[in-house]
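>>> For reference, the sequence and a predicted model appear below.
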Amino acid sequence: MKEKLMNALVKMSHPVKNEKGAQSLEWLGIAALLILVLGIISTAVSNEEASIGDLIGKIVTKISEMVGD
């Protein structure tokens with residue numbers, strides 16, 4: 001009986017230890033957060049239509065400098 005329980009535990013814990021795709025999910029989360037922040041900023045400055053593009057361009061430039069292409 002103990003051996004069957006150990007086999008069941010190993011079979012159930014194996015998929016949990018499998019971390020394939022975890023990094024992809026993290027990058028998707030970062031991208032979603034970035035889109036959310038940009039959406040909030042663009043909504044906040046929606047009255048200044050001419051400068052929205054400049055502001056978003058500066059934000060993207062700063063982020064790309066931080067990430068280090």
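Nice, I can see it. Predicted model only: the values in this text are computed from it and were never measured. Numbering: from 1, shown residues only.

>>> Next, report how far the longest helix anywhere in the chain is displaced from the centre of its chain.
Secondary structure of the chain read by DSSP state H shows that its longest helix is helix 22-44. Computed by Cα atoms, centre = their mean, to the nearest Å, the chain-centroid distance of helix 22-44 equals 6 Å.

>>> Packing partners of the next helix or strand after that helix?
Counting by DSSP states H and E, the next helix or strand C-terminal to helix 22-44 is helix 49-67. The contact analysis (3 or more Cβ pairs under 8 Å, 6 or more residues apart in numbering; DSSP states H and E) places helix 49-67 against helix 22-44. In short, each C-beta sits where N, CA and C put it, glycine included.

>>> I would like the residues contacting the helix it packs on, please.
Residues outside helix 22-44 that contact it (Cβ atoms under 8 Å, 6 or more residues apart in numbering): Ile52, Leu55, Ile56, Ile59, Ile63.

>>> Go through the residues you listed and name the one nearest Leu9.
Taking Cβ to Cβ as the measure, Leu9 sits nearest to Ile63 out of the contacts of helix 22-44, at 43.9 Å.

>>> okay, now the closest one: neighbour count?
12 (other Cβ atoms under 10 Å).

>>> Could you report the separation of it from Gly53?
Applying Cβ to Cβ, to the nearest Å, the value for Ile63 to Gly53 is 16 Å.

>>> Would you point out which residue is most central in the chain?
Centroid-nearest residue in the chain, with Cα atoms, centre = their mean: Gly29, separated by 1.8 Å.

>>> Report pLDDT for that one.
You'll see Gly29 listed with a pLDDT of 89.

>>> how far away is it from Ile35?
Distance, Gly29 to Ile35, by Cβ to Cβ: 11 Å.

>>> again, but for Val10
40 Å.

>>> related to what we said a few turns ago, among the contacts of helix 22-44, which one sits closest to Met6?
Taking the contacts of helix 22-44 together and measuring to Met6 by Cβ to Cβ, the closest member is Ile63, at 48.5 Å.
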